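Peer 1: 3D model of this:
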Amino acid sequence: MDLVTKDLLINFLFILLVLCLMQILYMIKYTYRLEHVRDWTLSLFPIISLILCMIFPVYTNEHFIWDLRWIPFVLGGLYGGYKLGYLLIILTLVIRYIQGGDGFYPTMVTFTIMGFVIIYLSKFYSKLQLRQKVGLTTLLTFVGLSFTQLLSNILFNYKFTLEFWLVLTVIHIIGMAITTFLWEGIKMNFQVLQKLIKAEKLQTVSHLAASISHEVRNPLTAARGFIQLLSNDIPDDTRKLYSDIALKELDRATEVINDYLTFAKPAPDREEEININEEIQHAVNVVIPLATMNGVEIELSLLDEDYFTKGERKKFQQCLINIFKNGIESMKTNGELTISQSFHDGHMKIDILDEGVGMTQEQINRLGEPYFTTKEKGTGLGMMVSYSIIKSMRGAINVKSEYGEGTCFTLLLPIIQSKSYSA
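Peer 2: Next up is the predicted model:
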């Protein structure tokens, strides 16, 4: 294998490497739900391929430079449309001008003309079948390459050996065919991933609908039954009892709806300054009867300063109560729920440690889903709402747990000010 063939194959490896990077970016975008990674960032890959091919070319003499730039140039223009097509034309001419030599002039003519042809064809390219796409890309590459060689011969009497012509043309055509197949495969994979994301969202909606209907139907059915009983001839004290029960069931249905609205619209209705210490103490006072009933002790350790954050007080209370309640219910008798605070780098850190059954890593990863729960009876509504509330306060929830060893929920909240307790 001669040096020209080796250098051209190295060019092709650059193109394959960039295609692999594009596939990796697609997977990362899907796995981590990186919505800020837009489709236009994928246009960087034909640009990178073109630059690498032109930086490491095949020199035949001091004036003429050959490489596989046609492959990223053609594919980038067809897939990227007119914006990327114009950019690739400019980039090719600038780099080739910097490299110097008489070969710049055939490059200027051929890449400009072919660039406009490719931009025009990009309007129809996406509608073609795979076989037609491969045929079109290889044809454009062959025409562009032949046009460049013809102009070089006419303008500068540049002669090619038959061996060089065959090697250059064959590697271009085979490389373009392989790259087109790979690019289409990557594109199809990403479309499948997008469909999976859409399917997951639809599944979430279906679970939410089922959960809402289940949670709301029960109290409404109970309220309807007691209201029907009120039409019977019953004593006044029984009538009052039935009325109270019906009202409580209606209130319960209202609370369920409000919880789902909190998830759907986590942003606070009115943002206010929240004294974190006071809200933790309030939430602890609320769950103390539940802890006593379950034989659980609560160990509370607060800092000697009042720290404030922004959010909606009632929703923050709801979040703390949900997490405290889950910790208590996860433990058997004689357990301990430890709540502590620390301040670091402008954020309040609240650690909530229980001695419950713990969770596996798979369960931790699914926390906050509207239909996932580790309880025998439940819909995961409490944790779903808690995650939404903390997110709306520009905070975060981190969870560490080992199955059988307990769980630690860590809330991180931004601090706006603090006030020392007066002596």
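
Peer 1: where do the strands sit along this structure?
Peer 2: For the chain, applying DSSP state E gives strands covering 58-59, 65-66, 272-275, 297-301, 305-311, 336-344, 347-354, 396-402, 406-414, 417-420.

Peer 1: and these, which one is worst for confidence?
Peer 2: Mean pLDDT per stretch puts strand 417-420 lowest among those, at a mean of 56.

Peer 1: Would you reformat the strands of the chain as JSON lines and include distance to I15 and mean neighbour count?
Peer 2: C-beta coordinates here come from the backbone N, C-alpha and C atoms, glycine included. Shown next, in JSON lines, are the strands of the chain (distance: least, CB to CB, whole Å; neighbours: other CB atoms under 10 Å):
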{"stretch": "strand 58-59", "distance to I15": "14", "mean neighbour count": "18"}
{"stretch": "strand 65-66", "distance to I15": "15", "mean neighbour count": "20"}
{"stretch": "strand 272-275", "distance to I15": "55", "mean neighbour count": "15"}
{"stretch": "strand 297-301", "distance to I15": "59", "mean neighbour count": "12"}
{"stretch": "strand 305-311", "distance to I15": "51", "mean neighbour count": "18"}
{"stretch": "strand 336-344", "distance to I15": "47", "mean neighbour count": "16"}
{"stretch": "strand 347-354", "distance to I15": "45", "mean neighbour count": "19"}
{"stretch": "strand 396-402", "distance to I15": "40", "mean neighbour count": "16"}
{"stretch": "strand 406-414", "distance to I15": "44", "mean neighbour count": "20"}
{"stretch": "strand 417-420", "distance to I15": "56", "mean neighbour count": "11"}
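
Peer 1: out of those, which comes closest to Q317?
Peer 2: Nearest of the strands of the chain to Q317, taken as CB to CB: strand 272-275 at 9.2 Å.

Peer 1: Counting by contacts, list what the closest one packs against.
Peer 2: strand 305-311, helix 313-329 (3 or more CB pairs under 8 Å, 6 or more residues apart in numbering; DSSP states H and E).

Peer 1: In a markdown table, list these along with distance to K123.
Peer 2: Converted to a markdown table, these look like this (distance: least, CB to CB, whole Å):
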| stretch | distance to K123 |
| --- | --- |
| strand 305-311 | 50 |
| helix 313-329 | 50 |
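
Peer 1: so which of those gets nearest M393?
Peer 2: strand 305-311 (4.0 Å).

Peer 1: So what are the sheet partners of that closest one and their directions?
Peer 2: strand 272-275 (antiparallel), strand 417-420 (antiparallel) (DSSP bridges).

Peer 1: Next, the contact list for Q317, please.
Peer 2: Listed by CB atoms under 8 Å, 6 or more residues apart in numbering, the contact set of Q317 reads E279, H282, A283, V286.

Peer 1: re the thing from before, select, out of the helices and strands packed on strand 272-275, the one closest to E255.
Peer 2: Closest to E255 of the helices and strands packed on strand 272-275 is helix 313-329 (CB to CB; 9.9 Å).

Peer 1: So, low pLDDT: which residues of the protein?
Peer 2: 1-3, 30-42, 60, 197, 200-212, 214-215, 258-269, 369-381, 417-423 (pLDDT under 70).

Peer 1: Domain ranges for it, per the record?
Peer 2: 3-199, 272-420 (automatic domain parsing).

Peer 1: right, so of those, which gets closest to S243?
Peer 2: It's domain 272-420; of these, that one is closest to S243 (CB to CB) at 26.1 Å.

Peer 1: one step back: narrow the contacts of Q317 to those that are buried.
Peer 2: By neighbour count, with 16 or more other CB atoms under 10 Å, the contacts of Q317 hold E279, A283 as buried.
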